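J.: whatever this is, show me its structure:
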Amino acid sequence: MRGRAVAVTGMGMVTPLGRDLAENLAGVSEGRTGIGLLEGSEGWPEHLRYAGKIRELPPLGDIGRKLTSQMKFLNRGSTLGFHSAREAVEGSGIDLEGVRPERRALYVASGDFTKIDHAFLYPAIKDATGGKWEDVDQAKLNASTLGKVNPFFLLESIANNLFSFLSAFFGFMGPNTSLSSLSPCGSNAVELAARAVAQGRADAALAVGCGSWINEVSLLELDGLGVLSRSKEGPASFRPLDARRDGFVPGEGGAALLLEDEESARARGARIFGRVTGLGNRIEHTGGRGFTIPEGVNTRSVEEALADAGLGPGQLSLVVAHGSATQRGDRSELGSIAAALGDSARRVPLCALKPYTGHMGAASDVAEIVFGLEALASVSAPGTPNFGSADGEFGGMRISASPQPCGGKALLSISYGVGGQSSTVVVEAG
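T.: Next up, the predicted model:
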């Protein structure tokens with residue numbers, strides 16, 4: 001992060017906990033959860049019936065006649081990302097007319113499962129097979145597809161579904177890319193946006209994480225990977241960092257950060273929520289064990305991010321863990337934090353926040369930075385919902401189900417994914 005100082009001037013969120021930033025921050029402060037029973041899931045296995053679903057979207061507002069017709073091509077996850085991005089940009093107070101389009105950067109992390117079920121093809125396939133599925137009549141399939149399948153299904157399914165719409169809506173024509181993977185691609189989007197500003201390639205950069213992981217096929221695939229909680233205690237079953245953990249509960253949402261050159265932001269009188277000061281991104285090998293979490297998954301990325309920020313472990317005020325609540329994942333993450341922070345690992349408050357919303361994939365990466373900045377501003381770290389006690393070797397860490405004081409300025413936000421990819425962001429209070 002050598003170069004220009006990177007300020008966070010805008011934040012936006014829509015999650016199962018709330019329709020905007022204020023509702024989400026209030027929900028965490030009040031200790032609420034957006035996880036509940038999915039409507040229409042009667043008869044499903046009990047552990048697949050719980051998820052974080054957004055019940056009501058924010059008002060759409062005016063998007064202009066030119067783009068109104070294109071809005072219908074946004075899938076569920078992209079729609080959530082759009083709402084959060086709009087709130088971040090508008091909340092920042094930035095006058096985009098004063099920033100040349102080629103100096104506006106955009107990085108979108110979708111990690112989205114909205115269309116993974118391909119349910120839109122079902123009517124045509126049923127016609128072409130007579131419901132028996134052994135053979136397909138190609139002529140019937142073609143004919144039925146013309147009348148029963150949305151001709152724009154490809155636009156709804158591609159990974160950059162939101163990217164082109166946001167580019168057109170805000171006029172972002174500078175450095176950009178669209179990311180599509182599991183965690184930590186939301187954190188990667190923040191990194192790319194921050195580096196674009198720090199390196200002087202952009203004056204404003206928007207980082208968006210979005211996705212929906214709660215349709216039937218998504219739930220079945222996640223269940224097949226063995227990462228979902230059995231939900232025997234309903235929403236209270238999602239207990240990251242706890243010795244009794246047995247997996248996560250999925251959700252959906254969107255979260256966004258608007259980043260600017262700090263000097264320019266201060267010159268226009270912008271509110272500075274914080275600044276991105278350190279980034280670390282590493283891959284750890286699984287030792288031939290395949291699709292799993294390696295030991296020490298976060299150690300090097302945490303060390304790299306702290307070095308990039310010029311901070312020692314003792315200068316941290318708060319650590320927001322990835323907290324997937326899988327047995328192997330949480331053990332590896334806590335071990336990484338202990339190894340990277342040394343004695344400070346038992347001093348700094350540590351929390352995991354996904355039980356407030358459900359695991360939202362790329363959106364969680366960005367949302368947790370927002371929640372962390374609010375914690376620094378209020379000098380209070382959120383509690384980790386449903387936490388009782390950690391594995392014995394981590395019993396001395398400052399993890400609590402209740403809020404904890406967290407005086408200071410530096411936040412460490414960690415994200416990792418199966419296969420060993422890890423990303424860490426250091427953000428300091430404004």
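
J.: gap between the residue nearest to residue 39 when sequence neighbours are not counted and residue 28?
T.: Spatial nearest neighbour of residue 39, excluding adjacent residues (CB to CB, 6 or more residues apart in numbering): residue 53 at 7.8 Å. In this view, the C-beta of every residue, glycine as well, is placed from N, C-alpha and C. Using CB to CB, to the nearest Å, residue 53 is found at 18 Å from residue 28.

J.: can you give me the strands in the stretch 201-350 of the chain?
T.: In the stretch 201-350 of the chain, the strands defined using DSSP state E, counting those that start in this stretch lie at 204-212, 252-261, 274-283, 318-321, 349-352.

J.: a markdown table for those strands, including distance to residue 193?
T.: Compiled in a markdown table, those are given as follows (distance: least, CB to CB, whole Å):
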| stretch | distance to residue 193 |
| --- | --- |
| strand 204-212 | 4 |
| strand 252-261 | 5 |
| strand 274-283 | 8 |
| strand 318-321 | 19 |
| strand 349-352 | 24 |
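
J.: out of the ones you listed, flag the one nearest residue 87.
T.: For these, distance to residue 87 was read as CB to CB. The smallest value, 7.2 Å, belongs to strand 252-261.

J.: dump that closest one to CSV, restricted to CA.
T.: C-alpha atoms of strand 252-261 as CSV (Å, rounded to 0.1, in the frame of the first residue of the first chain):
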residue,chain,number,x,y,z
GLU,A,252,-27.6,-13.8,0.6
GLY,A,253,-26.6,-10.1,0.4
GLY,A,254,-24.7,-7.3,-1.0
ALA,A,255,-22.0,-5.0,0.5
ALA,A,256,-19.9,-2.2,-1.0
LEU,A,257,-17.2,0.3,-0.2
LEU,A,258,-16.3,3.5,-2.0
LEU,A,259,-12.6,4.2,-1.8
GLU,A,260,-11.0,7.6,-2.7
ASP,A,261,-7.7,9.3,-2.6
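
J.: quick one, grab the pLDDT at residue 121.
T.: What the model reports for residue 121 is a pLDDT of 88.

J.: residue 53 and residue 28: which is more packed in?
T.: residue 28 (25 against 19; other CB atoms under 10 Å).

J.: isn't that one up against residue 371?
T.: Yes - between residue 28 and residue 371 there is a contact under CB atoms under 8 Å: 5.8 Å.

J.: between the two, which contacts overlap?
T.: Listed as contacting both residue 28 and residue 371 by CB atoms under 8 Å, 6 or more residues apart in numbering are 353, 382.

J.: what are the phi and psi values at residue 28?
T.: With angles defined as degrees, to the nearest 10, residue 28 sits at phi -70, psi -40.

J.: can you read off the pLDDT for it?
T.: Per-residue pLDDT puts residue 28 at 98.

J.: can you pull the contacts of it?
T.: Going by CB under 8 Å, 6+ apart, the list of residues near residue 28 reads 17, 353, 356, 371, 374, 382.

J.: who wins for neighbours among those?
T.: Of all the contacts of residue 28, residue 356 has the most neighbours under the rule other CB under 10 Å, reaching 29 neighbours.

J.: that one reaches residue 17, doesn't it?
T.: Yes - contact criterion CB under 8 Å: residue 356 and residue 17 qualify, at 5.5 Å.
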